[in-house]
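A.B. asks: Based on what follows, work out the 3D shape:
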Amino acid sequence: MDTIKKPEIRLQGFPPVINELCRTLILGSMPGARSLSEQQYYGNPRNHFWRLLYAVYAPGATQDIQYGDKLDFTLRHGVGLWDVLAGCERQGSLDADIRNPEVNDFSELLTRYPVVERIFFNGQAAWQLYQKQVQPKLLKQGIGSEIRYGTLPSSSPARAMPFEAKLEAWRLISQGE
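C.D. replies: As a prediction, this is how the structure comes out:
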């Protein structure tokens with residue numbers, strides 16, 4: 001019996017969350033289905049992102065409930081958020097299902113915010129997309145050669161790894177500040 005495959009939907013990501021004080025930028029690949037429906041970075045309550053960020057920068061503190069307060073928290077700690085992709089076609093939330101990716105304009109972002117000195121990738125997929133589709137263009141333009149990069153275990157619930165192990169790796173984002 002043949003199954004009818006649904007057409008993939010063109011998805012659009014979010015604008016960056018960044019200000020002039022952000023020296024660190026955390027990049028995901030593309031928001032998942034739940035995040036897109038909530039219109040929030042890491043909007044899936046099962047995603048460990050916010051829990052990790054609060055554990056790194058404010059151990060023992062209660063995590064803010066309101067999304068705007070969470071964004072303010074990141075900015076207060078000099079951390080910006082964005083995704084490698086501006087858009088793509090995908091069913092569901094898995095990075096492996098991404099088709100026809102369109103990258104964000106990192107030339108404009110890094111020129112506008114030259115204080116960014118470290119970029120961390122929330123998972124291997126984000127790093128691989130950046131390395132293949134963004135970094136070569138930036139280097140040709142003379143942008144980003146001084147930036148330090150790091151890859152973190154994905155905060156996604158699909159990444160089967162104990163929270164404490166993720167947290168140990170994520171502590172890197174606060175070092176060297």
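
A.B. asks: Quick check on F121: phi, psi?
C.D. replies: With angles defined as degrees, to the nearest 10, F121 sits at phi -110, psi 130.

A.B. asks: does the nearest residue to it once chain neighbours are set aside count as helix, strand or coil?
C.D. replies: In space, and not counting its chain neighbours, F121 is closest to W127: 3.9 Å by CB to CB, 6 or more residues apart in numbering. Placement of C-beta: from N, CA and C, glycine included. Secondary structure, DSSP: H, G, I helix; E, B strand; the rest coil: W127 is helix.

A.B. asks: Can you get me a residue count around W127?
C.D. replies: Neighbours of W127 under the rule other CB atoms under 10 Å: 21.

A.B. asks: same check, this time on the one 4 residues further on
C.D. replies: By other CB under 10 Å, 14 other residues sit near Q131.

A.B. asks: Following whichever helix or strand T151 is part of in sequence, what is the next regular element?
C.D. replies: Assigned by DSSP states H and E, T151 falls within strand 148-152. Per DSSP H and E, strand 148-152 leads on to helix 163-170 as the next helix or strand towards the C-terminus.

A.B. asks: now the strands: where do they sit in the protein?
C.D. replies: In the chain, the segments counted as strands under DSSP state E are 9-12, 24-28, 79-83, 85-90, 99-103, 118-122, 148-152.

A.B. asks: Any regions of the chain where pLDDT drops low?
C.D. replies: Along the chain, segments meeting pLDDT under 70 span 1-8, 92-98, 159, 176-177.

A.B. asks: Name the nearest residue to Y113, ignoring sequence neighbours.
C.D. replies: Using CB to CB, 6+ apart, the closest residue to Y113 is I18 (5.7 Å).

A.B. asks: Dump stretch 110-119 to PDB, restricted to CA.
C.D. replies: Taking Å, rounded to 0.1, in the frame of the first residue of the first chain, the C-alpha atoms of stretch 110-119 are listed here in PDB:
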ATOM      1  CA  LEU A 110      28.800  40.200  12.800                       C
ATOM      2  CA  THR A 111      29.500  43.600  11.200                       C
ATOM      3  CA  ARG A 112      26.700  45.200  13.300                       C
ATOM      4  CA  TYR A 113      27.900  43.500  16.500                       C
ATOM      5  CA  PRO A 114      31.700  43.300  16.300                       C
ATOM      6  CA  VAL A 115      32.000  42.500  20.000                       C
ATOM      7  CA  VAL A 116      30.900  38.900  19.300                       C
ATOM      8  CA  GLU A 117      34.000  36.900  20.000                       C
ATOM      9  CA  ARG A 118      32.600  33.400  20.700                       C
ATOM     10  CA  ILE A 119      30.000  31.300  18.900                       C
END
